[in-house]
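# The following comprises the amino acid sequence and a computationally predicted model.
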Amino acid sequence: MMLGYALRTIRARKGGFLGAFVALMCAAALITACGTLLETGLRGTIRTERYAAAPVLVSADQNVHRTTVKHKKGKTKVKHKAKPIAERAWLPRGLGKRLEGVPGVGAVVPELTFMAEPLTPGAGDADRPAYGHAWSSAALTPFRIVDGRAPRAATDLVVDRGLADRARLAPGDRLTVQSTQAPRTYRVTGIAAPDGNREALAHQTALFFSAREAERLADHPGQVTALGVLPAEGTSVDALKTAVKKALHGTTAQVSSGDGRGPVEFIDAAGARVKLVSMGGAMGGTSLLVAVLVVVGTFALSIQQRHRELALLRAVAATPKQVRALLGREALLVGAAAGTLGSLAGIPLGALLYGEFGDSGVVPATLDRVVSVFPPLAAVAATVCGAWAAARLSARRIARIRPGEALAEARVERTRPSWARVVAGLVFLAGGVVLVLVLSVLRTEPASTPVTFLAVVVLAAAVSLLGPLLVRGAAALLGHLLLRRTGPTGRLAHANLRGNAARMAAAVTPLVLLIGMTCTVLFVQPTLTAAARAQAREGVRADWTLTAHGPGVPEQAARQLRAADGVGAVTEVVRTTVRVGLDKYPAQGVTPDGLTRTWDPDVTAGTLTSFGAGDVAVSELAADQLGLAPGSRLALTLGDGTPATLTVRAVYARGLGFGDLTMAHDLVARHVDNPLAATVLVKSDRTKEQLAAALEKFPQVRVESPDAVDRLQAERGQSSADVNLLAMGLVLAFTAIAVVNTLAMSVSERVREFALLRLAGATRRQVLRMLRAEALSVLLIATALGSGVAFAVLTAFSVGMTGSAAPVALPLLYAAVVAGAGLLALAATALPGRAALRPLPVTMTTAKE
């Protein structure tokens with residue numbers, strides 16, 4: 001019976017439930033979209049391309065491992081953790097000979113993969129990175145020559161058909177390739193394409209060299225990227241895989257088949273899965289918290305607008321339990337309908353977000369998106385439970401009061417919020433303060449980012465709970481300073497702010513969340529980037545900087561410049577990521593000779609004067625985290641998984657600008673996929689033109705001012721900022737919808753009030769001016785509170801990450817945020833207000849009675 005009443009109520013009050021329906025539907029769509037990203041990171045398949053004809057692959061382990069054993073209460077617990085390394089790990093070539101005599105093995109094909117970037121205009125494709133291989137490994141795709149012949153000499157080259165079509169290459173043409181060594185011009189001897197019905201390479205470009213030239217460019221003597229194992233006639237893939245595993249027992253080599261071959265081929269895709277899990281989890285968690293806050297506020301406003309109706313139910317003998325049951329069933333019905341539609345809408349929304357991540361390079365195209373029933377089901381469940389809980393929570397007071405009091409209270413809002421609400425608000429405020437204090441001592445971006453956004457949501461929740469008190473206090477201030485001096489409409493707006501503080505607080509909360517969250521998202525990365533750029537500018541002592549079109553500056557260019565007259569020091573900088581234990585640290589390799597003449601990281605302990613091949617310098621952050629000091633020994637894992645133990649020679653302060661670990665250039669360059677220098681610092685009294693003349697054999701290398709280091713740092717920071725904005729874009733969009741939804745609900749239910757104002761002599765224009773004054777007042781209050789929340793959080797973030805309580809806030813961008821929020825507030829107030837003023841006042845007063 002109660003379910004029937006709930007259905008009839010919803011049908012009779014469609015407009016009253018519309019706001020809650022929209023909020024719940026958007027929440028479900030948001031949760032579903034984030035859930036699909038999370039599931040893709042957990043279960044997404046990485047397709048193989050070049051290894052399509054190799055049923056079994058042998059590769060090196062691409063992870064670092066840590067196993068811990070704990071003994072507790074007579075039980076032994078063994079935990080094993082693995083984290084991916086940043087570069088490609090290599091295999092000993094001798095493993096191939098070990099497999100040649102294994103039963104069931106028909107052939108073992110060694111594979112070399114290395115960077116090989118075509119420099120000819122039109123040959124490059126940002127969506128298809130180019131890799132070099134030995135022609136002997138073409139059978140793994142398999143490729144066949146469709147025009148020309150295979151490479152024989154060191155200057156011969158075979159290109160895939162996609163590159164040939166893009167660059168209009170034919171056998172006999174010349175192509176300059178920048179690989180791990182100096183650029184070299186090759187003669188195209190053939191065009192290759194996959195054999196049979198196999199698809200062309202969609203996500204990479206393949207260049208094939210002679211075996212000797214490929215070994216020179218790979219620069220890993222005695223090692224291979226992988227081994228493709230082909231079965232003997234009559235041997236199944238499962239039997240072959242089992243035999244290969246048995247033969248390699250006792251080694252760290254990994255044996256893959258089927259979908260497991262994709263991560264071997266595309267190591268960046270495997271790393272992207274981890275990133276996608278992290279981002280999907282963070283976005284989903286933040287989205288859920290924002291959704292709960294918005295939905296609770298929306299239901300509270302909806303029930304407040306039905307105060308008179310619910311009071312009449314109490315007056316005609318409805319018990320508190322029946323009122324709560326009615327509201328709960330209404331919420332379940334609305335939540336189920338909104339959750340179902342929202343979860344269906346969230347699937348294409350997740351696809352759109354996934355595509356944007358792919359376009360920005362966060363997710364490689366080789367990682368297939370996963371869509372299953374689990375994210376939509378989770379979204380529906382969360383929506384239904386959230387709606388029910390919000391309705392029951394919002395109905396507690398109206399269900400408990402006596403019928404007579406309910407009828408009296410239906411006309412006048414309580415002057416003071418309940419003690420339970422105030423206490424809950426103070427608890428959330430204390431929690432937000434604690435999070436801000438914690439944030440001020442976090443010094444790594446992965447640790448501080450989730451706390452940053454959580455702090456904004458918790459403080460916004462405190463504003464929501466304490467909203468009536470804050471609005472009433474702000475109304476008194478605005479009334480004294482502004483509203484009472486703007487005529488009758490201002491005085492009416494002031495009276496509404498003071499007399500309907502709870503209703504106004506419901507409108508303030510989403511605006512506070514929108515302004516606070518948007519400012520935090522927009523200014524977190526600029527705060528970090530500004531500090532990093534400042535450190536980079538202050539730490540570069542060089543007169544000139546070398547950069548390059550393409551993958552980097554070759555070592556031969558730096559060597560040639562060192563031999564030129566008037567050049568005092570040349571420092572090559574190669575960037576990578578290393579792991580200490582399982583923790584990841586940004587690192588760089590620098591040329592030790594003349595290092596102090598070109599580079600000053602602000603050494604606070606130790607010295608760089610005797611920096612050598614077995615040494616490492618660490619930032620103050622890394623030194624604190626790892627307990628290091630000059631003279632300490634540091635065991636780490638280089639980018640390609642090679643272990644190394646180095647001696648700490650110095651501790652420096654400018655870790656944001658130069659990374660946490662600094663090692664010798666030659667050590668790092670031997671263990672990265674791209675050994676070319678990202679930048680080269682030059683100390684010289686020669687002019688730019690003289691240095692350029694000394695590098696005329698390297699036309700892709702540019703001589704620039706030291707500001708190039710600052711520019712590169714800014715580009716890296718902008719890339720991170722774009723990813724943050726993209727990741728949180730859905731949350732911000734949902735919050736903006738909540739602002740419009742809440743304000744529209746607040747205005748649309750005031751028809752009777754507007755009609756009474758019209759009957760009392762107020763003109764339509766005066767009522768609209770009153771609404772604008774209210775909207776601007778709400779905007780001012782929300783801007784002050786939202787800006788305060790963002791400033792507190794950003795200041796704590798800046799203290800923790802940069803050591804300075806000076807967050808970066810771009811004035812024009814901040815003004816745009818406030819202006820955007822203002823436009824939303826005015827539009828969401830003016831449009832429903834005009835609609836509410838269209839009917840005749842007498843008609844609307846009678847209808848409401």
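Great, that's in hand.
# Which secondary structure element is home to residue 186?
If you go by DSSP states H and E, residue 186 is part of strand 184-194.
# Just after that strand, pick out the following helix or strand.
Immediately after strand 184-194, counting by DSSP H and E, sits strand 205-209.
# helices and strands around the helix or strand just after that following strand, which ones?
Heading C-terminal from strand 205-209, the first helix or strand you meet, by DSSP H and E, is helix 211-218. Packing contacts for helix 211-218, counted by 3 or more CB pairs under 8 Å, 6 or more residues apart in numbering; DSSP states H and E, involve strand 114-115, strand 130-134. C-beta: built from backbone N, CA, C; applies to glycine.
# and the angle for helix 211-218 with strand 130-134?
Angle of helix 211-218 versus strand 130-134, following axes from the mean of the first three to the mean of the last three CA atoms, to 10 degrees, is 140 degrees.
# Longest helix in the protein, by number of residues?
In the chain, with assignment by DSSP state H, the single longest helix is helix 707-748.
# Give me the buried positions along stretch 28-45.
28-41, 44-45 (16 or more other CB atoms under 10 Å).
# Return the distance of it from the chain's centre.
In terms of CA atoms, centre = their mean, to the nearest Å, the centre of stretch 28-45 is found 14 Å from the chain centre.
# per the record, what domains does the protein have?
If you go by automatic domain parsing, the domain ranges for the chain are 1-46+266-412, 56-264, 430-538+716-849, 541-705.
# Now whichever strand in the chain runs longest: buried residues?
Using DSSP state E to define each element, the chain has its longest strand at strand 567-580. Within strand 567-580, the residues scored as buried using 16+ other CB under 10 Å are 567, 569-580.
# go on, stretch 210-218?
Neighbour-count burial for stretch 210-218, counted by 16+ other CB under 10 Å, picks out 210, 213, 214, 215, 216, 217, 218.
# how distant is it from the center of its chain?
Centroid separation between stretch 210-218 and its chain, computed with CA atoms, centre = their mean, is 38 Å.
# so what's residue 390 up against?
292, 295, 296, 298, 299, 300, 331 (CB atoms under 8 Å, 6 or more residues apart in numbering).
# Which of those fall in strands?
Here DSSP E is the test, and the contacts of residue 390 give no hits in strands at all.
# Let's have these in JSON lines, adding pLDDT, distance to residue 156 and neighbour count.
Formatted as JSON lines, the contacts of residue 390 follow (pLDDT from 0 to 100; distance: CB to CB, whole Å; neighbours: other CB atoms under 10 Å):
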{"residue": "292", "pLDDT": "78", "distance to residue 156": "64", "neighbour count": "18"}
{"residue": "295", "pLDDT": "76", "distance to residue 156": "66", "neighbour count": "26"}
{"residue": "296", "pLDDT": "76", "distance to residue 156": "70", "neighbour count": "23"}
{"residue": "298", "pLDDT": "74", "distance to residue 156": "69", "neighbour count": "27"}
{"residue": "299", "pLDDT": "73", "distance to residue 156": "72", "neighbour count": "30"}
{"residue": "300", "pLDDT": "73", "distance to residue 156": "75", "neighbour count": "21"}
{"residue": "331", "pLDDT": "81", "distance to residue 156": "73", "neighbour count": "29"}
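# Nearest to residue 121 among those residues?
Of all the contacts of residue 390, residue 292 has the smallest distance to residue 121: 53.9 Å, by CB to CB.
# Name the nearest residue to the closest one, ignoring sequence neighbours.
Nearest non-adjacent residue to residue 292, counting by CB to CB, 6 or more residues apart in numbering: residue 386, 5.8 Å away.
# Please identify the helix or strand for that neighbour.
helix 374-394.
# Give me the buried positions along that helix.
For helix 374-394, the buried set under the neighbour-count rule, 16+ other CB under 10 Å, comprises 375-376, 378-380, 382-384, 386-392, 394.
# so where do the strands sit in the stretch 651-800 of the chain?
Secondary structure of the stretch 651-800 of the chain by DSSP state E, counting those that start in this stretch: the strands cover 661-664, 679-684, 701-704.
# Any idea which of the ones you listed gets closest to residue 808?
Comparing the strands of the stretch 651-800 of the chain against residue 808 with CB to CB, the closest turns out to be strand 679-684 (24.0 Å).
# what about the closest one, distance to the chain center?
Centroid separation for strand 679-684 versus its chain: 34 Å, with CA atoms, centre = their mean.
# quick one: residue 280 from residue 295, how far?
To residue 295, residue 280 is 21 Å away according to CB to CB, to the nearest Å.
# re earlier: I'd like the helices and strands packed on helix 211-218 laid out as CSV, including mean neighbour count and mean pLDDT.
Formatted as CSV, the helices and strands packed on helix 211-218 follow (neighbours: other CB atoms under 10 Å; pLDDT from 0 to 100):
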stretch, mean neighbour count, mean pLDDT
strand 114-115, 23, 93
strand 130-134, 23, 93
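# Quick one, which of the ones you listed gets closest to residue 181.
strand 114-115 (10.1 Å).
# Strand partners (parallel or antiparallel) of the closest one?
Here strand 114-115 is paired, per DSSP bridges, with strand 130-134 (antiparallel).
# which residues sit against the helix or strand that comes right after the strand it pairs with?
Once strand 130-134 ends, the next helix or strand along the chain (criterion: DSSP H and E) is strand 143-148. Outside strand 143-148, the residues that touch it by CB under 8 Å, 6+ apart are 138, 158, 160-161, 170-171, 188-195, 206, 208.
# could I get strand 143-148 in CSV with only the CA atoms?
Extracted as CSV, the C-alpha positions of strand 143-148 are listed here (Å, rounded to 0.1, in the frame of the first residue of the first chain):
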residue,chain,number,x,y,z
PHE,A,143,56.3,-9.5,-42.9
ARG,A,144,57.1,-10.2,-46.5
ILE,A,145,58.8,-8.0,-49.1
VAL,A,146,56.1,-6.6,-51.5
ASP,A,147,58.5,-4.4,-53.4
GLY,A,148,62.3,-4.5,-53.6
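# Skip ahead from the helix or strand in which residue 25 is found and say which helix or strand is next.
Take DSSP H and E as the rule and residue 25 turns out to sit in helix 14-43. Next in sequence after helix 14-43, counting helices and strands by DSSP H and E, comes strand 56-59.
# That following strand pairs with which strands, and in what direction?
Strand pairing for strand 56-59, using DSSP bridges, gives strand 226-231 (antiparallel), strand 254-257 (antiparallel).
# deepest of those, which one?
strand 226-231 (a mean of 24; mean count of other CB atoms under 10 Å).
# any idea how far it is from the chain center?
Relative to its chain's centre, strand 226-231 lies at 37 Å (CA atoms, centre = their mean).
# Repeat that for stretch 268-281.
Centre to centre, stretch against its chain (CA atoms, centre = their mean), the figure for stretch 268-281 is 10 Å.
# Can you give me the buried ones in it?
Using 16+ other CB under 10 Å as the test for burial, stretch 268-281 gives 268, 269, 270, 271, 272, 273, 275, 276, 277, 279, 280, 281.
# same deal with stretch 759-773?
Across stretch 759-773, burial judged by 16+ other CB under 10 Å covers 762, 766, 767, 768, 769, 770, 771, 772, 773.
# go on, stretch 744-762?
By neighbour count on 16+ other CB under 10 Å, the buried set for stretch 744-762 is 744-755, 757-758, 762.
# now the contacts of residue 390 as JSON lines including distance to residue 431?
Formatted as JSON lines, the contacts of residue 390 follow (distance: CB to CB, whole Å):
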{"residue": "292", "distance to residue 431": "15"}
{"residue": "295", "distance to residue 431": "20"}
{"residue": "296", "distance to residue 431": "16"}
{"residue": "298", "distance to residue 431": "23"}
{"residue": "299", "distance to residue 431": "22"}
{"residue": "300", "distance to residue 431": "20"}
{"residue": "331", "distance to residue 431": "26"}
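# Nearest to residue 226 among the residues you listed?
residue 292 (47.7 Å).
# From the contacts of strand 143-148, which shows the smallest pLDDT?
Across the contacts of strand 143-148, the bottom pLDDT score, 80, is held by residue 195.
# Could you pull up the contacting residues of the residue nearest to residue 160 when sequence neighbours are not counted?
Leaving aside its sequence neighbours, residue 160 sits nearest to residue 206 (CB to CB, 6+ apart; 4.5 Å). Applying CB under 8 Å, 6+ apart to residue 206 gives the contacts 50, 130, 131, 133, 141, 143, 159, 160, 163, 192.
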